[in-house]
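**Student:** okay, structure incoming, though there's no sequence with it:
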Ligand SMILES: Nc1nc2c(ncn2[C@@H]2O[C@H](COP(=O)(O)OP(=O)(O)OP(=O)(O)O)[C@@H](O)[C@H]2O)c(=O)[nH]1
(Lines give C-alpha, C1' and ligand atoms only; values in the text may rest on other atoms or scores of the structure.)
Protein backbone atom coordinates (compact mmCIF):
# COMPACT_ATOMS: atom_id res chain seq x y z
CA UNK A 1 0.00 0.00 0.00
CA UNK A 2 1.51 3.44 -0.91
CA UNK A 3 2.35 5.63 2.06
CA UNK A 4 -0.40 8.28 1.57
CA UNK A 5 -3.03 5.51 1.34
CA UNK A 6 -1.67 3.90 4.47
CA UNK A 7 -1.90 7.26 6.26
CA UNK A 8 -5.43 7.69 4.97
CA UNK A 9 -6.41 4.23 6.23
CA UNK A 10 -4.82 4.90 9.61
CA UNK A 11 -6.64 8.19 9.99
CA UNK A 12 -9.95 6.50 9.33
CA UNK A 13 -9.24 3.56 11.61
CA UNK A 14 -11.42 3.16 14.73
CA UNK A 15 -8.27 3.18 16.88
CA UNK A 16 -7.23 6.63 15.70
CA UNK A 17 -10.77 7.86 16.14
CA UNK A 18 -10.66 6.59 19.69
CA UNK A 19 -7.26 8.17 20.48
CA UNK A 20 -8.27 11.52 18.99
CA UNK A 21 -11.58 11.35 20.78
CA UNK A 22 -9.92 10.43 24.05
CA UNK A 23 -7.45 13.25 23.94
CA UNK A 24 -10.26 15.60 23.05
CA UNK A 25 -12.17 14.32 26.06
CA UNK A 26 -9.06 14.69 28.21
CA UNK A 27 -8.71 18.30 27.11
CA UNK A 28 -12.36 18.98 27.86
CA UNK A 29 -11.97 17.36 31.27
CA UNK A 30 -8.91 19.52 31.98
CA UNK A 31 -10.89 22.60 30.94
CA UNK A 32 -13.70 21.57 33.30
CA UNK A 33 -11.20 21.12 36.15
CA UNK A 34 -9.58 24.50 35.45
CA UNK A 35 -13.05 26.04 35.48
CA UNK A 36 -13.67 24.63 38.95
CA UNK A 37 -10.60 26.55 40.15
CA UNK A 38 -12.40 29.82 39.35
CA UNK A 39 -14.39 29.23 42.55
CA UNK A 40 -11.28 29.71 44.70
CA UNK A 41 -11.13 33.26 45.91
CA UNK A 42 -8.57 35.31 43.98
CA UNK A 43 -8.08 32.63 41.33
CA UNK A 44 -10.99 33.67 39.05
CA UNK A 45 -9.10 35.42 36.24
CA UNK A 46 -6.14 33.03 35.84
CA UNK A 47 -8.39 29.98 36.15
CA UNK A 48 -10.76 31.41 33.54
CA UNK A 49 -7.84 32.08 31.20
CA UNK A 50 -6.64 28.51 31.68
CA UNK A 51 -10.16 27.23 30.99
CA UNK A 52 -10.44 29.27 27.79
CA UNK A 53 -6.98 28.13 26.71
CA UNK A 54 -7.88 24.48 27.27
CA UNK A 55 -11.24 24.89 25.57
CA UNK A 56 -9.53 26.50 22.60
CA UNK A 57 -7.06 23.61 22.52
CA UNK A 58 -9.96 21.16 22.50
CA UNK A 59 -11.70 23.12 19.75
CA UNK A 60 -8.52 23.16 17.70
CA UNK A 61 -8.19 19.42 18.13
CA UNK A 62 -11.85 18.91 17.16
CA UNK A 63 -11.45 21.09 14.08
CA UNK A 64 -8.27 19.32 13.06
CA UNK A 65 -9.99 15.98 13.50
CA UNK A 66 -13.02 17.17 11.55
CA UNK A 67 -10.81 18.57 8.81
CA UNK A 68 -8.64 15.46 8.46
CA UNK A 69 -11.05 12.64 9.04
CA UNK A 70 -14.51 13.76 8.02
CA UNK A 71 -14.21 16.43 5.34
CA UNK A 72 -10.73 16.03 4.02
CA UNK A 73 -8.38 19.03 3.88
CA UNK A 74 -10.29 22.30 4.16
CA UNK A 75 -8.83 25.81 4.04
CA UNK A 76 -9.30 26.44 7.77
CA UNK A 77 -5.62 26.67 8.66
CA UNK A 78 -5.89 30.33 9.44
CA UNK A 79 -8.58 29.70 12.04
CA UNK A 80 -6.57 26.81 13.43
CA UNK A 81 -3.45 28.97 13.70
CA UNK A 82 -5.38 31.80 15.35
CA UNK A 83 -6.77 29.35 17.87
CA UNK A 84 -3.28 27.96 18.43
CA UNK A 85 -1.98 31.42 19.17
CA UNK A 86 -4.85 32.06 21.57
CA UNK A 87 -4.20 28.73 23.31
CA UNK A 88 -0.57 29.58 23.91
CA UNK A 89 -1.19 33.13 25.06
CA UNK A 90 -4.11 32.22 27.35
CA UNK A 91 -2.25 29.27 28.89
CA UNK A 92 0.93 31.25 29.49
CA UNK A 93 -0.86 34.24 30.95
CA UNK A 94 -2.94 31.90 33.14
CA UNK A 95 0.16 30.08 34.37
CA UNK A 96 2.08 33.31 34.91
CA UNK A 97 -0.83 34.56 37.02
CA UNK A 98 -1.22 31.28 38.85
CA UNK A 99 2.37 30.89 39.93
CA UNK A 100 2.51 33.64 42.60
CA UNK A 101 -0.96 32.58 43.78
CA UNK A 102 0.22 29.04 44.33
CA UNK A 103 3.39 30.30 46.00
CA UNK A 104 1.55 32.62 48.37
CA UNK A 105 -0.92 29.88 49.17
CA UNK A 106 1.90 27.53 50.08
CA UNK A 107 3.39 30.27 52.26
CA UNK A 108 0.06 30.85 54.00
CA UNK A 109 -0.41 27.14 54.46
CA UNK A 110 3.03 26.88 56.06
CA UNK A 111 2.25 29.82 58.33
CA UNK A 112 -1.13 28.40 59.31
CA UNK A 113 0.37 24.99 59.97
CA UNK A 114 3.05 26.56 62.16
CA UNK A 115 0.48 28.67 64.01
CA UNK A 116 -1.73 25.65 64.51
CA UNK A 117 1.17 23.72 66.11
CA UNK A 118 2.70 26.37 68.38
CA UNK A 119 1.21 27.63 71.63
CA UNK A 120 0.97 31.42 71.33
CA UNK A 121 1.69 32.09 75.02
CA UNK A 122 4.80 29.97 75.58
CA UNK A 123 5.94 29.42 71.98
CA UNK A 124 6.21 25.71 72.76
CA UNK A 125 4.63 23.03 70.56
CA UNK A 126 0.95 22.72 71.50
CA UNK A 127 -1.25 19.71 72.23
CA UNK A 128 -1.95 19.13 68.54
CA UNK A 129 1.77 19.02 67.74
CA UNK A 130 2.39 16.88 70.82
CA UNK A 131 0.02 14.14 69.61
CA UNK A 132 1.85 13.95 66.29
CA UNK A 133 5.35 14.10 67.82
CA UNK A 134 4.54 11.52 70.49
CA UNK A 135 3.17 9.11 67.92
CA UNK A 136 6.34 9.59 65.85
CA UNK A 137 8.76 9.13 68.78
CA UNK A 138 6.77 6.11 70.00
CA UNK A 139 7.08 4.39 66.63
CA UNK A 140 10.77 5.30 66.47
CA UNK A 141 11.32 3.87 69.96
CA UNK A 142 9.48 0.66 69.00
CA UNK A 143 11.69 0.29 65.94
CA UNK A 144 15.00 1.04 67.72
CA UNK A 145 14.02 -0.68 71.00
CA UNK A 146 14.79 2.44 73.05
CA UNK A 147 12.84 3.49 76.15
CA UNK A 148 10.70 6.62 75.98
CA UNK A 149 10.02 8.82 78.97
CA UNK A 150 7.29 11.36 79.57
CA UNK A 151 7.47 14.14 82.13
CA UNK A 152 4.23 15.87 83.06
CA UNK A 153 4.58 19.26 84.78
CA UNK A 154 1.75 21.10 86.55
CA UNK A 155 1.95 24.51 88.26
CA UNK A 156 0.87 24.23 91.90
CA UNK A 157 -2.18 26.15 93.15
CA UNK A 158 -2.40 28.04 89.91
CA UNK A 159 -6.06 28.91 90.31
CA UNK A 160 -5.22 30.62 93.59
CA UNK A 161 -2.35 32.42 91.83
CA UNK A 162 -4.67 33.75 89.12
CA UNK A 163 -7.21 34.78 91.74
CA UNK A 164 -4.62 36.62 93.82
CA UNK A 165 -2.40 38.21 91.15
CA UNK A 166 -4.63 38.34 88.06
CA UNK A 167 -4.79 36.41 84.82
CA UNK A 168 -2.16 38.53 83.05
CA UNK A 169 0.35 37.86 85.79
CA UNK A 170 -0.70 34.17 85.58
CA UNK A 171 0.11 34.19 81.86
CA UNK A 172 3.49 35.64 82.73
CA UNK A 173 4.16 32.75 85.14
CA UNK A 174 3.28 30.22 82.45
CA UNK A 175 5.69 31.96 80.07
CA UNK A 176 8.48 31.82 82.63
CA UNK A 177 7.85 28.18 83.52
CA UNK A 178 7.83 27.41 79.79
CA UNK A 179 11.21 29.13 79.45
CA UNK A 180 12.72 27.09 82.31
CA UNK A 181 11.47 23.87 80.72
CA UNK A 182 12.79 24.86 77.30
CA UNK A 183 16.20 25.80 78.76
CA UNK A 184 16.59 22.52 80.65
CA UNK A 185 15.01 20.08 78.19
CA UNK A 186 17.27 20.93 75.30
CA UNK A 187 19.02 17.61 74.58
CA UNK A 188 18.41 16.19 71.10
CA UNK A 189 15.28 14.07 71.48
CA UNK A 190 13.78 16.28 74.23
CA UNK A 191 10.48 17.76 73.13
CA UNK A 192 8.98 20.24 75.60
CA UNK A 193 5.32 21.05 74.88
CA UNK A 194 2.42 22.91 76.47
CA UNK A 195 -0.09 20.22 77.23
CA UNK A 196 -2.87 22.68 78.03
CA UNK A 197 -3.82 25.12 80.79
CA UNK A 198 -1.09 25.14 83.42
CA UNK A 199 0.29 21.74 82.35
CA UNK A 200 3.41 21.03 80.32
CA UNK A 201 4.59 17.72 78.92
CA UNK A 202 8.11 16.76 77.90
CA UNK A 203 8.80 13.86 75.59
CA UNK A 204 12.18 12.48 76.56
CA UNK A 205 13.16 10.06 73.80
CA UNK A 206 15.82 7.36 74.23
CA UNK A 207 15.78 7.90 77.99
CA UNK A 208 15.59 5.52 80.96
CA UNK A 209 13.57 6.53 84.06
CA UNK A 210 16.60 7.62 86.14
CA UNK A 211 17.64 10.25 83.58
CA UNK A 212 14.07 11.45 83.10
CA UNK A 213 13.67 11.76 86.88
CA UNK A 214 16.89 13.77 87.03
CA UNK A 215 15.63 16.20 84.37
CA UNK A 216 12.29 16.46 86.20
CA UNK A 217 14.07 17.33 89.42
CA UNK A 218 16.13 20.02 87.64
CA UNK A 219 12.93 21.53 86.25
CA UNK A 220 11.34 21.53 89.71
CA UNK A 221 14.39 23.33 91.14
CA UNK A 222 14.56 25.72 88.18
CA UNK A 223 10.96 26.87 88.68
CA UNK A 224 11.41 27.23 92.43
CA UNK A 225 14.52 29.33 91.83
CA UNK A 226 12.51 31.79 89.75
CA UNK A 227 11.34 33.04 93.15
CA UNK A 228 7.96 34.23 91.90
CA UNK A 229 5.95 35.19 95.00
CA UNK A 230 2.85 33.04 95.56
CA UNK A 231 1.13 33.61 98.89
CA UNK A 232 -0.99 30.41 98.79
CA UNK A 233 1.99 28.15 98.10
CA UNK A 234 3.70 26.33 100.99
CA UNK A 235 7.13 27.84 100.24
CA UNK A 236 5.73 31.27 99.36
CA UNK A 237 6.88 30.98 95.73
CA UNK A 238 5.51 29.41 92.53
CA UNK A 239 6.35 25.71 92.35
CA UNK A 240 5.54 22.77 90.08
CA UNK A 241 4.68 19.09 90.63
CA UNK A 242 5.98 16.51 88.17
CA UNK A 243 5.06 12.97 87.16
CA UNK A 244 7.50 10.78 85.23
CA UNK A 245 6.72 7.56 83.33
CA UNK A 246 8.91 5.45 81.06
CA UNK A 247 8.12 2.57 78.75
CA UNK A 248 9.69 0.52 76.03
CA UNK A 249 7.44 1.52 73.12
CA UNK A 250 5.58 -1.27 71.35
CA UNK A 251 3.89 -0.80 68.02
CA UNK A 252 0.60 -2.31 69.21
CA UNK A 253 0.35 -0.20 72.39
CA UNK A 254 -1.15 3.29 72.31
CA UNK A 255 1.36 5.89 73.60
CA UNK A 256 -1.54 7.63 75.39
CA UNK A 257 -1.18 4.89 78.03
CA UNK A 258 2.25 6.31 78.87
CA UNK A 259 0.82 9.83 79.16
CA UNK A 260 -1.85 8.46 81.51
CA UNK A 261 0.84 6.78 83.61
CA UNK A 262 2.73 10.10 83.89
CA UNK A 263 -0.54 11.81 84.79
CA UNK A 264 -1.19 9.32 87.61
CA UNK A 265 2.36 9.92 88.90
CA UNK A 266 1.73 13.68 88.75
CA UNK A 267 -1.40 13.36 90.86
CA UNK A 268 0.56 11.33 93.39
CA UNK A 269 3.04 14.21 93.53
CA UNK A 270 0.12 16.60 94.18
CA UNK A 271 -1.27 14.30 96.86
CA UNK A 272 2.18 13.96 98.41
CA UNK A 273 2.31 17.72 99.09
CA UNK A 274 3.23 19.26 95.67
CA UNK A 275 6.62 20.74 94.63
CA UNK A 276 8.02 17.23 94.07
CA UNK A 277 8.76 14.58 91.44
CA UNK A 278 7.07 11.16 91.43
CA UNK A 279 8.25 8.39 89.08
CA UNK A 280 5.61 5.89 87.96
CA UNK A 281 6.28 2.25 88.70
CA UNK A 282 4.80 -0.59 86.64
CA UNK A 283 2.09 0.06 84.10
CA UNK A 284 1.81 -0.96 80.44
CA UNK A 285 3.11 -4.35 81.53
CA UNK A 286 6.63 -3.05 81.02
CA UNK A 287 9.58 -1.95 83.06
CA UNK A 288 8.73 1.67 83.85
N1 LIG B 1 -3.44 32.84 83.49
C2 LIG B 1 -3.79 31.70 82.93
N3 LIG B 1 -4.46 30.77 83.64
C4 LIG B 1 -4.78 29.61 83.07
C5 LIG B 1 -4.45 29.32 81.73
N6 LIG B 1 -4.90 28.06 81.44
C7 LIG B 1 -5.48 27.60 82.56
N8 LIG B 1 -5.41 28.51 83.54
C9 LIG B 1 -5.95 28.43 84.91
O10 LIG B 1 -5.25 27.43 85.62
C11 LIG B 1 -6.07 27.07 86.74
C12 LIG B 1 -5.90 25.60 87.04
O13 LIG B 1 -6.56 25.35 88.22
P14 LIG B 1 -6.74 23.90 88.82
O15 LIG B 1 -6.88 22.91 87.72
O16 LIG B 1 -7.84 24.00 89.83
O17 LIG B 1 -5.38 23.57 89.50
P18 LIG B 1 -4.53 24.36 90.58
O19 LIG B 1 -5.24 25.53 91.15
O20 LIG B 1 -3.20 24.63 89.96
O21 LIG B 1 -4.39 23.30 91.70
P22 LIG B 1 -3.36 22.09 91.77
O23 LIG B 1 -3.07 21.69 90.36
O24 LIG B 1 -4.09 21.03 92.53
O25 LIG B 1 -2.17 22.56 92.48
C26 LIG B 1 -7.49 27.46 86.38
O27 LIG B 1 -7.92 28.51 87.23
C28 LIG B 1 -7.39 27.98 84.96
O29 LIG B 1 -8.24 29.07 84.71
C30 LIG B 1 -3.76 30.32 80.98
O31 LIG B 1 -3.42 30.16 79.81
N32 LIG B 1 -3.45 31.47 81.62
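**Tutor:** Cool, the structure landed. Just so it is clear, the model here is predicted, and its values are computed rather than measured. Numbers count the residues shown, from 1 in each chain.
**Student:** for the stretch 151-288 of the chain, which segments are assigned as strands?
**Tutor:** Assigned by DSSP state E, counting those that start in this stretch, the strands in the stretch 151-288 of the chain fall at 190-196, 199-205, 240-247, 277-279.
**Student:** the first one pairs with which strands, and in what direction?
**Tutor:** What it means is strand 190-196. strand 199-205 (antiparallel) (DSSP bridges).
**Student:** just the mean pLDDT for the strand it pairs with, thanks.
**Tutor:** What strand 199-205 shows for mean pLDDT is 95.
**Student:** contacting residues around that strand?
**Tutor:** 122, 124, 130, 133-134, 137, 140-141, 146, 148-155, 177-178, 181, 185, 189-195, 211-212, 215, 219, 259, 262 (Cβ atoms under 8 Å, 6 or more residues apart in numbering). C-betas here are computed from N, CA, C, even on glycine.
**Student:** how about that strand and the ligand, touching?
**Tutor:** No - residues of strand 199-205 are not located near the ligand by Cβ under 6 Å from any ligand atom, the shortest gap being 8.5 Å.
**Student:** could you pull out the buried residues of that strand?
**Tutor:** Under the neighbour-count criterion of 16 or more other Cβ atoms under 10 Å, strand 199-205 has 199-205 buried.
**Student:** now distance to residue 27 too, for the residues you listed, in CSV please.
**Tutor:** Below are those laid out as CSV (distance: Cβ to Cβ, whole Å):
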residue, distance to residue 27
199, 57
200, 57
201, 54
202, 56
203, 51
204, 57
205, 52
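**Student:** between those, which is nearest the ligand?
**Tutor:** Nearest to the ligand among the buried residues of strand 199-205, counting by Cβ to the nearest ligand atom, is residue 199 at 8.5 Å.
**Student:** what are the bridge partners for the closest one, then?
**Tutor:** residue 154, residue 196.
**Student:** and the pLDDT at residue 133?
**Tutor:** 88.
**Student:** secondary structure element holding it?
**Tutor:** helix 127-144 (DSSP states H and E).
**Student:** tell me what angle that helix forms with strand 240-247.
**Tutor:** 30 degrees (axes from the mean of the first three to the mean of the last three Cα atoms, to 10 degrees).
**Student:** elements contacting helix 127-144?
**Tutor:** helix 77-117, strand 148-155, strand 190-196, strand 199-205 (3 or more Cβ pairs under 8 Å, 6 or more residues apart in numbering; DSSP states H and E).
**Student:** for the closest residue to the ligand within the chain, what are its contacts?
**Tutor:** In the chain, the residue that lies nearest the ligand is residue 170 (2.7 Å; Cβ to the nearest ligand atom). Applying Cβ under 8 Å, 6+ apart, we find residue 170 in contact with 158, 161-162.
**Student:** stretch 194-210: how far from the chain's middle?
**Tutor:** 21 Å (Cα atoms, centre = their mean, to the nearest Å).
**Student:** can you give me the end-to-end distance of that stretch?
**Tutor:** End-to-end distance of stretch 194-210 (Cα to Cα, to the nearest Å): 23 Å.
**Student:** circling back to that earlier point, from residue 221, how far out is the residue of the chain closest to the ligand?
**Tutor:** Noted for residue 170: a distance of 22 Å to residue 221, by Cβ to Cβ, to the nearest Å.
**Student:** kindly report the same for residue 37.
**Tutor:** Distance from residue 37 to residue 221, by Cβ to Cβ: 58 Å.
**Student:** of these two, who's got more company?
**Tutor:** residue 37 (17 against 14; other Cβ atoms under 10 Å).
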